[in-house]
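Visitor: Just need the structure, nothing else, for what follows:
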Amino acid sequence: MKLGHLALLSLVSSAVLAQNSTTSNSTQRHGSDRIGFKWGSTDRSTLVLIWNCLATIFTCTWTVIHLDIPSDRYTTKRTFPRKLGWMIFTFIVPEITFGMAFAQFMACRSLRREIRKNGYQNWSMAQSFYAVMGGYRVQHRTWSKLLTPEGVAYLLKRVPDADLLSKSDVEKLAKADGFAKLVACIQAGWLIAQSIARATQNMPISELEIATLALVANAFATYLLWWEKPYDVNQRKVLTLDDTSAFNAGFLGGDSPYFHDDDEFGLPAVEIKGRYFLLGGMTFFGVICGGVHCFAWNFEFASPKEQLLWRVCSLLVTTSVVPGGIVFTLINKSEIIFDERSWWMHLQFAVGGLFAYAFLAGRLVLIFLAFYSLRSEPVGVYESVAWINYVPHLG
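Guide: Coordinates of the predicted model:
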């Protein structure tokens, strides 16, 4: 079954469960009354809550992943495990996925601007993404390497009639993912609408829904950056290079800024310049994602200790990315000046690693608390939104 069908099934199932759970909601609030797992009720149940959140998390994290072209040694049978691993990674650390998307987006904009300056006014972002994601391999008699974005720009400058793919050619190589993205956006939009409605009606929201909203924010932001990136492309364009080629200057030997090594796992290629965009994107979205968790600052938790732990970890996730990003930016600058074995580099790696581990610990604790808190939630969490209140009344 295709992902789009699975996403549609999850959306329909969520709608059916939500419809079954809609009742004549009382305006009475239950104060500090709490309830454990609630199964098989006519109200919103624990099963409905878990299903809606997990279905939204799955569709958003799966469809948002746009991996680069993997190594030629990478078999198609390993495509699903590779993407599944990245989906789990995005679920735990969505900031890195957003940072990679931001770095690639900026690299593609730079490449398009450079190529258009050379007279190719119809060069598109889709073509730039294909080049940045390792779409072109140069084959020489003695070596074979992938072209960097700088290499593609240099190639077009030296050989105007180079056999590169057009925008339509790139789109033909990509798999259609619009339907799955549409379902994911509808599902995420439904969660956002419910959360806003619950807030306006002074109804409690579960911690799991708050954690899901943070991932939804990541998905929407990353969608925008990778919107024109070809989806699930596994085919490269091979360009033959010989010693008499018109563009051999700077190419022969394969050791130049115009090449990078084949990446077995198809990770987004981020050069030294792009690392600043990567770190900037991670820092920016880390603050946003952590800030979403801070919305639960005054929620009713099962115990004061759980509330304190949620607050501490939310602050940790929100604030640790800023000094961590600064430290790793300094590391990138220091690599040009200092030897990797110097005490200054070791100190920076130690401090940066401390912030990274603190961030990861805070994120894992928040994920655990989001599910663990379901054992005892305010009774109002399982009340359904009174959508009739938003219907205009005449008379």
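
Visitor: Give the ranges of residues in the stretch 101-250 of the chain that sit below the confidence cut-off.
Guide: Applying pLDDT under 70 to the stretch 101-250 of the chain flags residues 176-177, 242-250.

Visitor: In it, mark out all the helices, start to finish.
Guide: Ranges of helices in the stretch 101-250 of the chain, per DSSP state H, counting those that start in this stretch, are 125-132, 149-158, 167-173, 178-200, 207-225.

Visitor: highest average neighbour count across those helices?
Guide: Highest mean neighbour count of the helices of the stretch 101-250 of the chain: helix 125-132, a mean of 26 (counted as mean count of other CB atoms under 10 Å). Placement of C-beta: from N, CA and C, glycine included.

Visitor: Just the CA atoms of that helix, as CSV, please.
Guide: This file holds the C-alpha atoms of helix 125-132, laid out as CSV (Å, rounded to 0.1, in the frame of the first residue of the first chain):
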residue,chain,number,x,y,z
MET,A,125,15.2,25.8,-8.3
ALA,A,126,14.3,22.2,-9.1
GLN,A,127,17.4,22.0,-11.3
SER,A,128,19.5,23.6,-8.6
PHE,A,129,18.2,21.1,-6.0
TYR,A,130,19.0,18.2,-8.4
ALA,A,131,22.5,19.5,-8.7
VAL,A,132,22.9,20.1,-5.0
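
Visitor: what's the angle from that helix to helix 149-158?
Guide: 110 degrees (axes from the mean of the first three to the mean of the last three CA atoms, to 10 degrees).

Visitor: from now on call the first residue 692
Guide: Right, with 692 as the first residue, what we last looked at is helix 816-823.

Visitor: can you pull out the strands in the stretch 692-841 of the chain?
Guide: 725-726, 827-830, 835-838 (DSSP state E, counting those that start in this stretch).

Visitor: Name the nearest residue to the most centrally placed residue in the chain, sequence neighbours excluded.
Guide: Centre of the chain computed as the mean C-alpha position; nearest residue by CA atoms, centre = their mean is residue 788, 4.1 Å away. The shortest distance from residue 788 to any non-neighbouring residue, by CB to CB, 6 or more residues apart in numbering, is to residue 781 (4.5 Å).

Visitor: burial of the one you found, as a residue count?
Guide: Residue 781: 23 surrounding residues under other CB atoms under 10 Å.

Visitor: Report the contact partners of it.
Guide: By CB atoms under 8 Å, 6 or more residues apart in numbering, the contact list for residue 781 reads 752, 755-756, 787-788, 906, 909.

Visitor: Export the helices of the stretch 792-941 of the chain to CSV and append columns for distance to residue 772.
Guide: Below are the helices of the stretch 792-941 of the chain laid out as CSV (distance: least, CB to CB, whole Å):
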stretch, distance to residue 772
helix 816-823, 24
helix 840-849, 29
helix 858-864, 22
helix 869-891, 19
helix 898-916, 21
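
Visitor: Which among the ones you listed is found nearest to residue 924?
Guide: Closest to residue 924 of the helices of the stretch 792-941 of the chain, according to CB to CB: helix 858-864, at 5.0 Å.

Visitor: Let me see the residues that make contact with that closest one.
Guide: 813, 815, 817-818, 820-821, 826, 856, 921, 924, 926.

Visitor: right, so the strands of the stretch 692-841 of the chain: which one is the most enclosed?
Guide: Stretch with highest mean neighbour count among the strands of the stretch 692-841 of the chain: strand 835-838 (a mean of 21; mean count of other CB under 10 Å).

Visitor: No further questions, thank you.
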